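In: Structure of the sequence below:
(chains A and B)
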Protein chains: 2
Amino acid sequence: MVGIGPGSADLISPRALKALKEARVVAGYKTYIELLGDLVTGREVISTGMTREVDRCAAAIERARAGKDVAVVSSGDPGVYGMAGLILEMLDREGLWGRVEVEVIPGITSATAAAAKIGAPLMHDFAVISLSDLLTPWEVIEKRLEAAGAGDFVLVIYNPASHRRAGQIRRAVEILKKYRPGNTPVGIVRNADREDEEIIITDLDHVLDFKIDMLCTVIVGSSGTRKLGGFLVTPRGYRL
Amino acid sequence: MVGIGPGSADLISPRALKALKEARVVAGYKTYIELLGDLVTGREVISTGMTREVDRCAAAIERARAGKDVAVVSSGDPGVYGMAGLILEMLDREGLWGRVEVEVIPGITSATAAAAKIGAPLMHDFAVISLSDLLTPWEVIEKRLEAAGAGDFVLVIYNPASHRRAGQIRRAVEILKKYRPGNTPVGIVRNADREDEEIIITDLDHVLDFKIDMLCTVIVGSSGTRKLGGFLVTPRGYRL
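Out: Numbering: from 1, shown residues only, chains lettered A, B, ... in the order given. This is a model prediction of the structure:
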């Protein structure tokens, strides 16, 4: 399970690169495979659409059982809403422990890639929540939004919206506004470290004025987050 | 501000490496500078002890004002309890916007580096809390522990203990046990991707039986986290 980071070649770690080079089979969502370009030339490629994760992992495991080195690619970190969990679940389900060797190679996840683009909003305690309710009941997501608000965490929102889901980010903002003022800083980072990168610094009152889709990561400040010189910073409390 | 990841050379991104190579001055906590070895040969090195962050950043900014390329090094990601926030705060305080160019280069943070060692515990929503009360009132930390418990987040604990702070992790476990059963899986990862790496899989009832110090990252499962084949996995909910 190989994390390739946000998408830019210069953020792929040497360990991930080595795994990709040694693999005879590369599996992953087609957009990520495309990001890899020449790196996957000459390999068998297992690439299905976004919602075919189970099929893709089953095919990857089948190759691994046949003795092939397989790289299952996730963007960001494979353990953060990526493929690592599903692979481990399926190995367990099929009783393959000890018969297939596994390694999770971490990557730079969207939370910190996006944060780096807008300054240093994650300098203090933070929470990460996906708004996708494809696999998670919306009540659970709401409960976590409430807890992130009550706990005064900086909040990183993955999968804030998609074609089918426009209402979730609206509801998330509504919940957060129960706990934080409208001028709480918010950053929207779209396509961090990819082509067409877009960066917006705004606040809770205005975040919904901007286009937010599944390529965005949204970072909502805590009560301590400040806008400094066009950046967002959550001070840790050093005395200056 | 350059993130060098957990410490292993093969987890430093090419972008971070390039910044280090181009820098004439490298600033950072001495342990991290030592991890870099030959990479910093021939540079001016600004290296002070752990609690001298403000002095180190001031010296780095002074060099940058003099027109030198300066790499301020943090282990993991510079924006997660690293140096990025402090640098931006000091630039703001000194009115240096536009006079010093800044870039945050993200890195693999301990949360995902440690998670990779124990499987895929962060597959679902998670919170990150530092137990260090050097800069944060303990009441704020307790409030966040309560919220992480109530919100059923997987919890990543940074700075769980130090020589002076043995009680905090005990109190944290006490709080989490109000929300989760004693058999909730817990991973302790010490020195992830460094020499002397140690990995322990245990549970909330037994976590305090193990040595926990400032080199450890502790990951406490949510209600969904399972122990599968020696790994921790928090399933996202795919139907298998």
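
In: By mean pLDDT, point me to the weakest helix or strand of chain A.
Out: The least trusted helix or strand in chain A, going by mean pLDDT, DSSP states H and E, turns out to be helix A:30-36, with a mean of 86.

In: per-residue confidence averaged over the following helix or strand past it?
Out: Proceeding N to C from helix A:30-36, the next assigned helix or strand is strand A:44-46, under DSSP states H and E. For strand A:44-46, mean pLDDT rounds to 93.

In: for strand A:44-46, which positions count as buried?
Out: Neighbour-count burial for strand A:44-46, counted by 16 or more other C-beta atoms under 10 Å in any protein chain shown, picks out residue A:46. From N, CA and C alone the C-beta is placed, and that goes for glycine too.

In: One more: stretch A:115-125?
Out: For stretch A:115-125, a neighbour-count test (16+ other C-beta under 10 Å) marks A:115-125 as buried.

In: now for those residues, which pair is the farthest apart?
Out: Comparing every pair within the buried residues of stretch A:115-125 by C-beta to C-beta identifies A:117 and A:125 as the most remote, at 20.4 Å.

In: hang on, the earlier thing: please narrow the buried residues of stretch A:115-125 to those residing in helices.
Out: Here DSSP state H is the test, and the buried residues of stretch A:115-125 give A:115-118 as lying in helices.

In: Please identify which of those is nearest to residue A:157.
Out: Checking those against residue A:157 by C-beta to C-beta gives residue A:115 as the nearest, at 12.3 Å.

In: ok, now how distant is the closest one from chain B?
Out: With distances defined as C-beta to the nearest C-beta, to the nearest Å, the gap from residue A:115 to chain B amounts to 5 Å.

In: doesn't residue B:107 make contact with that residue?
Out: No - distance between residue A:115 and residue B:107: 11.4 Å, which falls outside the contact criterion (C-beta atoms under 8 Å).

In: Can you check which residues contact both of the two?
Out: Residues within reach of residue A:115 and of residue B:107 at once, by C-beta atoms under 8 Å, 6 or more residues apart in numbering or on different chains, are residue B:77.

In: correct me, but residue A:71 touches residue A:23?
Out: Yes - counting by C-beta under 8 Å, a contact exists between residue A:71 and residue A:23, whose distance comes to 3.7 Å.

In: quick one: which of the two has more around it?
Out: Residue environment comparison for residue A:71 versus residue A:23 gives the larger neighbour count to residue A:71, 24 against 21, counting by other C-beta atoms under 10 Å in any protein chain shown.

In: Just list what the helix or strand where the more buried one lies packs against, helices and strands only.
Out: For residue A:71, the host element (DSSP H and E) is strand A:70-74. For strand A:70-74, the helices and strands in contact under the criterion 3 or more C-beta pairs under 8 Å, 6 or more residues apart in numbering or on different chains; DSSP states H and E are strand A:2-3, helix A:14-22, strand A:25-27, helix A:30-36, helix A:53-65, helix A:84-93.
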